[in-house]
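Q: got a structure for you, letters missing:
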């Protein structure tokens with residue numbers, strides 16, 4: 001009976017040690033720490049409208065489990081705001097009766113007028 005208890009105690013101690021080792025190696029399952037404010041290396045221009053090349057040039061850092069969600073959300077928010085601003089400006093120009101420079105006229109289906 002004493003040998004069985006020693007074996008059982010050794011097995012429990014081994015399981016606890018293995019659990020602690022796995023917890024240290026792989027983390028405890030918590031979410032990634034939030035990024036500090038204004039610490040993202042991702043930048044879009046502030047002094048001019050965002051262009052396609054700006055968006056194509058964005059490189060998001062890759063974390064152990066993929067992209068950093070806060071950076072992706074931030075870039076998408078900035079892009080959405082830039083596009084909303086551009087759409088607002090185009091709408092104001094159309095309401096004023098002026099065509100923006102280099103703009104082609106489009107019909108309802110989105111095809112360029114000949």
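A: Perfect, thanks for sending it. All values derive from a computational prediction rather than experimental measurement. Numbering: from 1, shown residues only.
Q: any idea how far residue 78 is from the most centrally placed residue in the chain?
A: Against the mean C-alpha coordinate of the chain, by CA atoms, centre = their mean, the closest residue is residue 72 at 1.4 Å. Separation of residue 72 from residue 78 (CB to CB, to the nearest Å) stands at 11 Å. The way it works is simple: take the backbone N, C-alpha and C, and place the C-beta from them, glycine included.
Q: and what of residue 44?
A: Taking CB to CB as the measure, residue 44 falls 5 Å from residue 78.
Q: so what sits against both of these two?
A: residue 50 (CB atoms under 8 Å, 6 or more residues apart in numbering).
Q: Please say which of the two ends up with more neighbours.
A: Each of residue 44 and residue 78 has its neighbours counted (other CB atoms under 10 Å); residue 78 has more, 19 against 16.
Q: Spit out the contact partners of the more buried one.
A: Going by CB under 8 Å, 6+ apart, residue 78 touches 44, 50.
Q: now with 7 Å?
A: residue 44 (CB atoms under 7 Å, 6 or more residues apart in numbering).
Q: Helix or strand: which one has it?
A: helix 69-95 (DSSP states H and E).
Q: chain center to that helix: distance?
A: 16 Å (CA atoms, centre = their mean, to the nearest Å).
Q: do the same with stretch 9-22
A: 38 Å.
Q: Sketch out the low-pLDDT regions of the protein for me.
A: Where the chain drops to pLDDT under 70, the residues are 27-42, 63, 98-114.
Q: one more time with 80
A: Along the chain, segments meeting pLDDT under 80 span 1, 23-45, 48-69, 73, 98-114.
Q: So which residues of it form helices?
A: Counting by DSSP state H, the chain has helices at residues 2-26, 52-56, 69-95.
Q: Could you tell me which residues within the last one count as buried?
A: Using 16 or more other CB atoms under 10 Å as the test for burial, helix 69-95 gives 71, 74, 75, 78, 82.
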